[in-house]
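> can't give you the sequence, but here's the structure:
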Ligand SMILES: Cc1ncc(C[n+]2csc(CCOP(=O)(O)OP(=O)(O)O)c2C)c(N)n1
Ligand SMILES: [Mg+2]
């Protein structure tokens with residue numbers, strides 16, 4: 001082996017393999033050429049947008065050397081060199097993503113759903129079951145919001161801690177080898193200003209998890225220089241207080257230059273060892289990086305960088321510095337390296353052309369089929385030939401060009417006899433089915449373990465079933481989950497020692513240990529990230545958000561990362577996290593929220609469960625633990641001390657999701673509701689009966705999925721009238737339910753009265769019981785609303801109150 005001698009930090013002589021150095025140079029050049037050509041593809045109109053990893057190559061090559069099978073990455077759009085280096089990205093795949101190739105084999109990260117530079121490996125087989133993650137190099141699926149990759153990084157690292165310390169899960173070899181895996185994070189310098197970054201860094205230090213966070217510092221965030229982003233202009237400088245010392249745990253912090261080949265090698269070697277062996281988090285601030293082509297294809301950096309800065313970037317380009325290094329160390333001559341560069345150029349060009357051919361070829365076939373069908377329409381009109389020829393001439397056609405033309409031709413054929421259009425229409429319908437799979441599949445799990453496949457089991461009671469507080473039902477349920485599923489663990493603010501603020505986990509930490517029932521700090525966003533990361537690694541976390549109102553802190557992570565995970569990877573990844581929270585009736589501007597519309601609008605892709613009591617909640621948890629989908633369960637805040645009968649099969653019974661329950665049968669009007677409002681509506685029903693009005697009350701139980709069998713419409717066939725009521729704002733979840741039933745279930749045709757909603761006031765509820773009474777629907781409000789509807793129908797029988 002030919003070697004280059006260098007001095008390592010600990011003064012031992014370290015050798016760098018010459019062959020390896022040349023391979024690294026080739027890889028750096030390949031990645032750089034991909035960036036340069038990628039930008040051109042966008043400017044030629046072959047791709048819509050491009051963002052590239054040029055200027056960050058050498059640090060990523062150093063990082064990749066220490067990334068082992070079983071490790072995980074959570075990073076951002078600059079990491080192409082790293083992905084190439086670990087062998088989880090090909091140049092064809094890189095260009096396939098740039099073009100938005102919808103074939104998962106060509107573009108395994110997202111099947112064309114994610115912008116270029118958004119990396120992911122496939123954790124799942126095509127049937128949605130887990131692969132052998134401990135034998136693979138894994139990248140969680142990137143997301144665009146800066147720093148939003150951080151919360152989940154914490155969870156990916158936290159799982160290693162659990163796998164190392166919790167003996168009961170060490171048999172899960174598919175997911176971990178005794179917790180020896182490191183989670184590697186990357187983030188841009190400007191993005192470290194985000195709250196998510198600081199929250200994650202703090203939590204990682206508290207938890208002492210094996211994560212290595214690299215900050216790629218190129219001095220800018222788009223056009224804005226570091227002095228606007230970071231106090232003292234340096235993230236490592238201001239994080240100094242996190243540095244561990246002999247007495248206190250913390251971080252190991254390194255600073256290294258993005259072009260310093262030996263420095264990078266040493267730093268990543270040390271970082272990997274510290275994180276992997278000691279389970280100590282590490283921060284690497286990689287300074288003096290560059291952006292040879294500026295931020296993205298959206299503009300030129302000459303607009304905001306000075307001439308001096310631009311020439312500094314040219315001189316300090318990490319690949320140029322690497323070249324100089326190799327020449328100085330006599331690893332290669334300039335000619336050798338120029339030849340490698342040339343070869344890299346040819347290699348990338350060929351791969352790019354092959355990716356384009358594969359991408360454009362598929363569309364071309366579709367275009368040709370459409371052109372032929374339109375041209376040969378058995379119509380006397382010549383305009384179709386013309387339209388077909390126009391379509392055929394499209395430069396760099398996309399699918400939209402083809403489908404839009406076909407649809408318009410079908411419009412034109414509307415009055416023609418059926419025989420003329422059948423073939424074209426059939427072709428169009430087949431294409432739309434294929435396009436449905438290409439662009440709209442996998443919002444929810446499509447595996448055997450999807451929630452709709454979980455067999456329900458009815459709740460059972462002994463004759464002498466005891467009446468207990470609602471919280472005790474949950475406690476018995478959680479006790480069973482902890483005892484029967486070692487993958488299950490629960491964590492959140494006050495969940496551990498006191499067993500949550502309402503004591504559903506009371507006593508369970510002392511029974512099952514701190515790793516299973518765990519207290520966390522007040523950090524909703526990273527509580528969710530901790531759960532996502534652990535769920536991505538095959539565990540079954542239950543993350544608790546103490547009160548529903550505080551979900552706002554975690555909303556972005558839930559919406560941008562968790563809810564769209566299956567969708568954005570086209571079924572390549574899943575994180576079946578159960579998020580538990582409590583909401584509805586209490587008093588106060590920040591303790592009474594029921595912002596369900598906000599949740600429904602943000603969290604498509606998750607299951608949204610709104611149980612009316614703790615028995616239903618327990619039955620939902622029992623269902624969810626069997627399924628492989630992420631869910632939010634909102635328990636009723638005022639229900640923990642209400643009495644419920646203890647089921648005899650508390651560990652077994654399963655409430656089906658998407659199946660409403662008729663709580664009371666009646667003939668005059670159907671009232672559709674959920675959560676704490678069920679009790680209010682049931683009380684109103686008693687009052688209304690005194691007035692001669694007999695209402696049917698339906699608890700939807702889950703808002704996503706919503707009444708999958710159309711049961712509510714069946715009720716409307718009988719009553720012909722409907723009221724949707726909840727505690728959300730007007731036009732919130734009540735409007736959602738109305739749309740689902742009136743439009744979705746076509747219930748409009750069964751109505752004899754206007755469909756109505758009754759929601760809370762538009763403002764937040766004022767404090768105290770009176771604040772609640774005047775802000776949210778009360779028994780009196782429900783009675784009067786329904787009475788008014790009946791009075792309109794029969795004013796003689798129901799005179800105005
Ligand atoms: C939350 C959020 N805000 C704004 C943006 C738009 N944006 C994309 S990249 C970027 C700059 C990021 O700079 P930095 O973190 O230094 O990474 P770099 O691109 O320089 O590698 C901005 C503002 C975004 N994607 N997400
Ligand atoms: Mg930057």
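On my side now, so go ahead. Remember, it's a predicted structure, so these values are computed and weren't measured experimentally. Ligands and ions are numbered 1, 2, ... in the order given.
> would you say residue 515 is within a helix?
No: read with DSSP: H, G, I helix; E, B strand; the rest coil, residue 515 is coil and lies in no helix.
> Give me the phi and psi angles of it.
Residue 515 adopts backbone torsions of phi -80, psi -20, taken as degrees, to the nearest 10.
> ok, it - contacts?
Residues in contact with residue 515 (C-beta atoms under 8 Å, 6 or more residues apart in numbering) are 162, 165, 166, 489. Bear in mind the C-beta positions are built from the backbone N, C-alpha and C, glycine included.
> Nearest residue to whatever residue of the chain ends up closest to ligand 1 in space, please, no chain neighbours.
Nearest residue of the chain to ligand 1: residue 188, at 2.0 Å (C-beta to the nearest ligand atom). Distance criterion C-beta to C-beta, 6 or more residues apart in numbering; nearest residue to residue 188, sequence neighbours excluded, is residue 216 at 5.7 Å.
> In contact with residue 763, which residues are there?
So residue 763 contacts residue 775 (C-beta under 8 Å, 6+ apart).
> what's around residue 62, how many residues?
28 (other C-beta atoms under 10 Å).
> what about it, helix or strand, and which?
Secondary structure from DSSP states H and E places residue 62 in helix 57-64.
> Spell out whether that helix and ligand 1 are in contact.
No: on the criterion C-beta under 6 Å from any ligand atom, helix 57-64 is out of touch with ligand 1, staying 11.8 Å away.
> Partner strands of the helix or strand just after that helix, with direction?
Next in sequence after helix 57-64, counting helices and strands by DSSP H and E, comes strand 72-74. Applying DSSP bridges, strand 72-74 is found paired with strand 138-139 (parallel), strand 183-188 (parallel).
> Quick check: next helix or strand after the first one?
It refers to strand 138-139. Next in line after strand 138-139, if elements are assigned by DSSP H and E, sits helix 150-165.
> Could you pull up the contacting residues of residue 130?
123, 124, 174, 175, 538 are the contacts of residue 130 under C-beta under 8 Å, 6+ apart.
> what secondary structure does the residue of the stretch 451-600 of the chain found nearest ligand 2 sit in?
Closest contact between the stretch 451-600 of the chain and ligand 2, by C-beta to the ion, is at residue 560 (20.2 Å). Three-state call for residue 560 (three-state DSSP): helix.
> correct me, but it touches residue 143?
Yes: contact criterion C-beta atoms under 8 Å: residue 560 and residue 143 qualify, at 5.1 Å.
> More neighbours: which of those two?
Each of residue 560 and residue 143 has its neighbours counted (other C-beta under 10 Å); residue 143 has more, 23 against 17.
> Look up how far residue 708 lies from that one.
29 Å (C-beta to C-beta, to the nearest Å).
> quick revisit: list the contacts for the residue of the chain closest to ligand 1?
Here residue 188 is in contact with 76, 78, 146, 215, 216, 217, 218, 221 (criterion: C-beta under 8 Å, 6+ apart).
> Switch those residues over to CSV; also include neighbour count and secondary structure.
As requested, the contacts of residue 188 are exported to CSV (neighbours: other C-beta atoms under 10 Å; DSSP: H, G, I helix; E, B strand; the rest coil):
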residue, neighbour count, secondary structure
76, 25, coil
78, 25, coil
146, 19, coil
215, 25, strand
216, 25, strand
217, 28, coil
218, 22, coil
221, 19, strand
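> from those, which are also near ligand 2?
Restricting these to those touching ligand 2 (C-beta under 5 Å from the ion) yields residue 218.
> With pLDDT added, can I get the contacts of residue 188 in a markdown table?
Shown next, in a markdown table, are the contacts of residue 188 (pLDDT from 0 to 100):
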| residue | pLDDT |
| --- | --- |
| 76 | 98 |
| 78 | 98 |
| 146 | 96 |
| 215 | 98 |
| 216 | 98 |
| 217 | 98 |
| 218 | 98 |
| 221 | 97 |
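> Out of the contacts of residue 188, which comes closest to residue 785?
Using C-beta to C-beta, residue 146 is the member of these that sits closest to residue 785, with 46.4 Å.
> Not counting its neighbours along the chain, what's nearest that closest one?
Distance criterion C-beta to C-beta, 6+ apart; nearest residue to residue 146, sequence neighbours excluded, is residue 191 at 3.7 Å.
> my read: the one you found touches residue 76, true?
Yes: using C-beta under 8 Å, residue 191 is in contact with residue 76, at 7.4 Å.
> Quickly list what's touching both of those two.
Jointly contacting residue 191 and residue 76 under the rule C-beta under 8 Å, 6+ apart are residue 146.
> who in the stretch 201-350 of the chain is up against ligand 1?
216, 218, 220, 221, 222, 295.
> Need the max-distance pair from those residues.
Counting by C-beta to C-beta, the most remote pair of those is 216 and 222, 14.1 Å apart.
> elements contacting the helix holding residue 62?
helix 18-43, helix 80-85, strand 211-216, helix 261-278, helix 318-328 (3 or more C-beta pairs under 8 Å, 6 or more residues apart in numbering; DSSP states H and E).
> Nearest to residue 427, out of the ones you listed?
Closest among these, once you apply C-beta to C-beta, is helix 18-43, at 30.3 Å.
> Could you list the low-pLDDT ranges of this structure?
The chain contains residues with pLDDT under 70 at 1-16.
> coming back round to it: mind putting the strands paired with strand 72-74 into CSV with distance to residue 388?
Below are the strands paired with strand 72-74 laid out as CSV (distance: least, C-beta to C-beta, whole Å):
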stretch, distance to residue 388
strand 138-139, 44
strand 183-188, 48
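> show me the contacts for the residue nearest to residue 146.
Taking C-beta under 8 Å, 6+ apart, one finds 76, 146, 147, 197, 221 in contact with residue 191.
> ok, which stretches of the stretch 101-250 of the chain are helices?
150-165, 195-207, 226-229, 235-238 (DSSP state H, counting those that start in this stretch).
> ranking those by burial, who's on top?
helix 150-165 (a mean of 27; mean count of other C-beta atoms under 10 Å).
> my guess is the residue nearest to residue 188 contacts residue 258, does it?
Yes: using C-beta under 8 Å, residue 216 is in contact with residue 258, at 7.5 Å.
> Identify the contacts common to those two.
56, 59, 286, 289.
> and of these, the nearest to residue 99?
Closest to residue 99, out of all of those and judged by C-beta to C-beta, is residue 56, at 22.7 Å.
> That closest one touches residue 288, doesn't it?
No: checked against C-beta under 8 Å, the pair residue 56 and residue 288 is beyond contact range at 11.3 Å.
> For these two, list the residues in contact with both.
Shared contacts of residue 56 and residue 288, counting by C-beta under 8 Å, 6+ apart, come down to residue 258.
> returning to what we had before: ranking by neighbours, what's the top pick from the contacts of residue 130?
residue 123 leads the contacts of residue 130 on contacts (other C-beta under 10 Å) with 24 neighbours.
> got the angle for the longest helix anywhere in the chain vs helix 318-328?
Ranked by residue count, the top helix of the chain under DSSP state H comes out as helix 334-375. Here the directions of helix 334-375 and helix 318-328 differ by 140 degrees (axes from the mean of the first three to the mean of the last three C-alpha atoms, to 10 degrees).
> Check the offset of helix 334-375 from the chain's centre.
Offset of helix 334-375 from its chain centre (C-alpha atoms, centre = their mean, to the nearest Å): 32 Å.
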